[in-house]
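S.K.: model this:
(chains A and B)
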Amino acid sequence: MLENFQQQFLKVLLFGALFFHNFCGYSQPVSKNSLLNDQAVELSKKHELPLINKIVYFSKLKNWDSVIVNTEKIIPTVKNKTILDYLHFYRGEAFLRKEMQNQALKEFNQIKPTFDYYFKVHLYQSEIYMSNNQFDKAYIEISHIDTTNSFHTKNVNMEAVLHNIGLCYFYKGEYKKAESYLTRAINHFDSNKDKLSLIFYNTDLANVFYEQYQDDKALKYYKIAYDLAQKNGDFQTKSFTAFNMAVFKENQQKFEEALIYRKEHENWKDSLSDLNKIYEVAALEKKQAVSRKQREVKLLQTENKLKQTERNLYLIASLSLFIILVFGIYLYRQNTKRARIIFAQKQELDQLNKTKDQLFSIVSHDLRSSVYALKNSNNALLNHITTERYDEAAVQLEQNTSIATNTYNLLDNLLHWALLQTKGGYFKQELHRLGMLVDQVAYNFQSLLKEKQIEFENQLPKSCKVFIDAETIKIVLRNLMDNSIKFSDQQAKITVLLLNETPTSIQFIWRDTGRGMQEETRQKLLSNSAQLTKKEHEKEIGSGLGMNLCISMIHKNGGTLDIQSQLGIGTDFIVTLQKTGLDGAKD
Amino acid sequence: MEQKINVLIVEDTPAESDALLAILNEQQFNVVGVARTHQEAVNLFFSKKVDLLILDIYLNGNPDGIAFAETMNAVPSSAKPFVFLTSSTDRSIFDRAKLTKPFSFLMKPFNPLEVIYALEMAIEKFYGQEEVFESDEEDTVIGTEYFFIKKKNVLKKVAVSDIVYIEVEERYCSIYSNTDRFVVQISLAKIMDQLNADIFLRTHRNFIVNRDCIEEIQTADNLLLMNNGKLVPISDRYKDVFKQFRFIR
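M.R.: The predicted structure is shown next:
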């Protein structure tokens, strides 16, 4: 910019005159487009071409690129000549403002002379020529504008037009006309407008006078320009008005004054350069600031990334923690579940162990006493034999057999009880004739019954069939028989009779006319707890194991046991057994 | 005509086999031998005519009884009814034993009733005719070679080949041999079902004859002269049976 200025400055010196207006003369808009715009908008509405509206809008915003692009788009599609004129006009204007003057000229040349605003085309063309210092051509074009035509004056910036005409005359050397137009331009100037144009007008007018060697008038307008610049101008205008004054004074040989102005000019120039320097510094600073900002942005980005990574890390960590927690809870629950199961099992085992211990104590006690009794009996037997008392020996031997049988039964029960506990016994339910089984069991007790003179009667009909495992039911029958014999006195009677028969089950009674039992004992027996009942009749061998076994075995066969007893009269064991399997199969 | 049933005892403990011997003799069975080992059992089984076996599961501490049953069952034509003898219902033993079908067993200690019951069950299961010997309706199981008949609580057998003809009278059947007449309780339907239809022919609502024992067909009188000298009637309904014979006219 500075360089540009200097170049211009040099030019001024060479001509010995003041040519700053080259730049400034048409910096002011010479054309007012509001009417034209309105008309264009109307056309857009009429022909339903909203793109024109858009072009007008961009043109108002001085968005020239958009205007160029949009006109290029729309021109091939439009046939209407009037609209085409408008479009070429906008396109030309846009090119002009983008300083593509050849393109602008091409556009303008396509506009028909019948175009309502064709004078504007002339105006723009003159502008182009002026910028190319072709003042003759510029003048021809600009002279098409009629300063007296109100339609023209409304659509152009009048003082700018006057100024331009003045300038044309100036460069053509027609100073009088130039003077007249420039004066009109200054007079036409509206005080509200930018004072900067006024400075140029005054300067240009001063130049005109200066060229005509009318130094007084020139001085007057230079002074006006100078004063206006002092009041309203920027550094550049101040500088050049001061410079103009300096050159002028120098020409008048008023070197002192010239020197002052020159100094002032230098000052303003310096200021300008300072300003430029400041601008540069500012630009540099801005650049630095931008780079700093960029660095900061980068830093922030990195930080952000870091934060994101961190956040992700946290997320993953919390997620994994959660998973571990859930897993932990799961494990804990599994553990407690297992612990509960183990506890239940432990309780069960404790109970079983307790039962087993009790069993051992009872059994060992019973076994011990019965074996002891056998030993004593054997001693007595030996004694009888040595003393040859054979009748007594026979009695003793019978007693021995009885004791042995009892002990055997006890041991047998113990074995079956053990098998039951370990669930290791063979078990297969089949159809059997109950009466046969009773007979088979009773066969083994014949001698015992005979010895106690107990009458046994099996009244079960032959057709009475039950679905059972024969071995386990035999154990039940054996124990019932054993019990009945044990708790019956001589000449008692044991009867097995059918109580009830349904299509699915058979109920029979094992009846003895023995000593009976108390209600309490009955309840205890039926409770079928793992706890073994204490024996009631101390003299007899018994552990309660037998009854316990009976109930378990009957249950296992899908039956039930009930006891009815009256002390001193007898006991009824009522057994119910299934006739078919649960699924009805007779297998 | 009726014969004792031949039993083979496979038992290594003399006390047990003696007890069994006593009971079986008492019950009029014919004990053809007592085997102490697996090998002896095999020898006796194939050298004697055996109808029924009592097998101790354990022979000298080994489950040879089961092994023997398995060998015997491997040849179905030579298989015979048998009873396992055991002292315990321990499942570990039974798991293998019960695979040898038909499976029946006798627990030690045993009394005669139990022994007989077990043997009867074994025969019934083996020939697939259960609920016979303990019922009031029937007393005969028809085997491939023999009829097993329970008469007055004693099991006997009658050889199928000895039968000349069978006469049905209500619930009873009279089995006629060359010399004898034997009455059993069995339904005619069951006899027809079980007997070999190639040998036994039905000639009348009430008569079944052994075709090998026919001496003469008296077509004029519709009678059959059997080789025991008895005459068996032929009813019109069953006449067609004799069309299969080629008559010499």
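S.K.: near chain A, which residues of chain B?
M.R.: B:88-94, B:98, B:107, B:109, B:111-114, B:117, B:131, B:134-136 (CB under 8 Å from any CB of the partner chain). In this view, the C-beta of every residue, glycine as well, is placed from N, C-alpha and C.
S.K.: Please repeat the previous calculation with a cut-off of 6 Å.
M.R.: Counting by CB under 6 Å from any CB of the partner chain, chain B comes close to chain A at B:T89, B:R91, B:F94, B:N111, B:L113, B:E114, B:E134.
S.K.: okay if I get these as TSV plus secondary structure, neighbour count and pLDDT?
M.R.: Output for these, formatted as TSV (DSSP: H, G, I helix; E, B strand; the rest coil; neighbours: other CB atoms under 10 Å in any protein chain shown; pLDDT from 0 to 100):
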residue	secondary structure	neighbour count	pLDDT
B:T89	coil	21	70
B:R91	helix	15	76
B:F94	helix	22	80
B:N111	coil	17	90
B:L113	helix	17	91
B:E114	helix	23	91
B:E134	coil	20	79
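S.K.: And these, which two are furthest apart?
M.R.: B:R91 and B:E134 (27.8 Å; CB to CB).
S.K.: one step back: please identify which of the residues of chain B next to chain A is nearest to A:K486.
M.R.: For the residues of chain B next to chain A, the minimum distance to A:K486 (CB to CB) is 20.3 Å, reached by B:N111.
S.K.: The closest one: what's its closest spatial neighbour, skipping adjacent residues?
M.R.: In this structure, B:N111 finds its nearest non-sequential neighbour in A:Y443, 4.4 Å apart by CB to CB, 6 or more residues apart in numbering or on different chains.
S.K.: So which bits of the host helix or strand of A:F151 are buried?
M.R.: Taking DSSP states H and E as the criterion, A:F151 maps to helix A:150-155. Neighbour counts over helix A:150-155 (16 or more other CB atoms under 10 Å in any protein chain shown) mark A:H152, A:T153, A:N155 as buried.
S.K.: Give me the neighbour count for the residue of the stretch 351-500 of chain A found nearest chain B.
M.R.: Among the residues of the stretch 351-500 of chain A, A:Y426 lies nearest to chain B; the distance is 3.8 Å by CB to the nearest CB. Neighbourhood size, A:Y426 [other CB atoms under 10 Å in any protein chain shown]: 20.
S.K.: Point out where chain B drops to low pLDDT.
M.R.: Low-confidence segments of chain B (pLDDT under 70): B:243-249.
S.K.: so the residue sitting nearest the centre point of chain B, which of the three states?
M.R.: Nearest to the mean C-alpha position of chain B, counting by CA atoms, centre = their mean, stands B:F148 at 4.0 Å. Using DSSP: H, G, I helix; E, B strand; the rest coil, the structure places B:F148 in strand.
S.K.: which residues touch it?
M.R.: B:I123, B:V141, B:K157 (CB atoms under 6 Å, 6 or more residues apart in numbering or on different chains).
S.K.: Identify the spatial nearest neighbour of the first one, chain neighbours not counted.
M.R.: Yep, that's B:I123 we're talking about. Here the residue nearest B:I123, using CB to CB, 6+ apart, is B:P81, at 5.0 Å.
S.K.: Run through the residues that contact the residue of chain B found nearest chain A.
M.R.: Nearest residue of chain B to chain A (CB to the nearest CB) works out as B:F94 at 3.8 Å. By CB under 6 Å, 6+ apart, B:F94 lies in contact with A:Y426.
S.K.: and A:Q236, what element?
M.R.: Secondary structure (DSSP H and E) places A:Q236 in helix A:235-251.
S.K.: got the angle between the helix or strand that that helix is followed by and helix A:235-251?
M.R.: Where DSSP H and E defines the elements, the next helix or strand beyond helix A:235-251 is helix A:255-386. Helix A:255-386 runs at 160 degrees relative to helix A:235-251, counting by axes from the mean of the first three to the mean of the last three CA atoms, to 10 degrees.
S.K.: Give the residue spans of the stretch 101-250 of chain A that score low on pLDDT.
M.R.: Scanning the stretch 101-250 of chain A for pLDDT under 70 picks out the ranges A:190-194, A:233.
S.K.: Let me see the domain layout of the chain.
M.R.: Going with chain A. A:19-228, A:426-578 (automatic domain parsing).
S.K.: wait, I meant chain B there
M.R.: Taken from automatic domain parsing, chain B resolves into B:6-126, B:163-244.
S.K.: Could you dump those domains into CSV with distance to A:V161 added?
M.R.: Formatted as CSV, those follow (distance: least, CB to CB, whole Å):
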stretch, distance to A:V161
domain B:6-126, 127
domain B:163-244, 141
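S.K.: Most tightly packed of these?
M.R.: Among the domains of chain B, domain B:6-126 has the highest mean neighbour count (mean count of other CB atoms under 10 Å in any protein chain shown), at a mean of 18.
S.K.: Endpoints of it, how far apart?
M.R.: With CA to CA, to the nearest Å as the measure, domain B:6-126 spans 16 Å from end to end.
S.K.: so residue 44, which of the three states?
M.R.: Looking at chain A here, since you left the chain open. Taking three-state DSSP as the rule, one finds A:S44 in the helix state.
S.K.: that's the wrong chain, I wanted chain B
M.R.: helix.
S.K.: List the contacts of it.
M.R.: B:L8, B:G33, B:A35.
S.K.: mind checking which helix or strand the second one is in?
M.R.: I take that to be B:G33. Per DSSP H and E: strand B:30-35 holds B:G33.
S.K.: Give the pairing partners of that strand; include direction for each.
M.R.: strand B:6-10 (parallel) (DSSP bridges).
S.K.: Next secondary structure element downstream of the partner strand?
M.R.: Next helix or strand after strand B:6-10 toward the C-terminus (DSSP H and E): helix B:14-26.
S.K.: As JSON lines, the contacts of B:L44 with distance to A:T114 would be great.
M.R.: Below are those laid out as JSON lines (distance: CB to CB, whole Å):
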{"residue": "B:L8", "distance to A:T114": "143"}
{"residue": "B:G33", "distance to A:T114": "148"}
{"residue": "B:A35", "distance to A:T114": "144"}
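S.K.: quick one on the thing from earlier: OK, contacts around the residue nearest to B:I123?
M.R.: When the contact criterion is CB under 6 Å, 6+ apart, the partners of B:P81 are B:L52, B:A122, B:I123, B:F126.
S.K.: hmm, 10 Å instead?
M.R.: Contacts for B:P81 (CB atoms under 10 Å, 6 or more residues apart in numbering or on different chains) come out as B:5, B:50-53, B:102, B:104, B:119-127, B:141, B:143, B:148.
S.K.: Compute the first-to-last residue distance for stretch B:48-58.
M.R.: 23 Å.
S.K.: Quick check: nearest residue in space to A:E250, chain neighbours excluded?
M.R.: Of all residues not flanking A:E250 in the chain, A:A258 sits nearest, at 4.1 Å (CB to CB, 6+ apart).
S.K.: The one you found against A:N244, yeah?
M.R.: No: the pair A:A258 / A:N244 is not scored as a contact, 11.0 Å apart, by CB atoms under 10 Å.
S.K.: Now for these two: what residues contact both?
M.R.: A:H265.
S.K.: who has more neighbours, the two?
M.R.: A count of neighbours by other CB under 10 Å puts A:N244 above the other of A:A258 and A:N244, at 27 against 19.
S.K.: Hmm, A:I224 and the more buried one touching each other?
M.R.: No: A:N244 is beyond contact range of A:I224, at 11.4 Å (criterion: CB under 10 Å).
S.K.: can you list residues touching both of these two?
M.R.: Common neighbours of A:N244 and A:I224, using CB under 10 Å, 6+ apart, are A:T203, A:A206.
S.K.: re the thing from before, can you tell me which helix or strand the residue nearest to B:N111 belongs to?
M.R.: helix A:434-444.
S.K.: Give me the buried positions along stretch A:260-280.
M.R.: A:Y261, A:R262, A:E264, A:H265, A:W268, A:K269, A:S271, A:L272, A:S273, A:L275.
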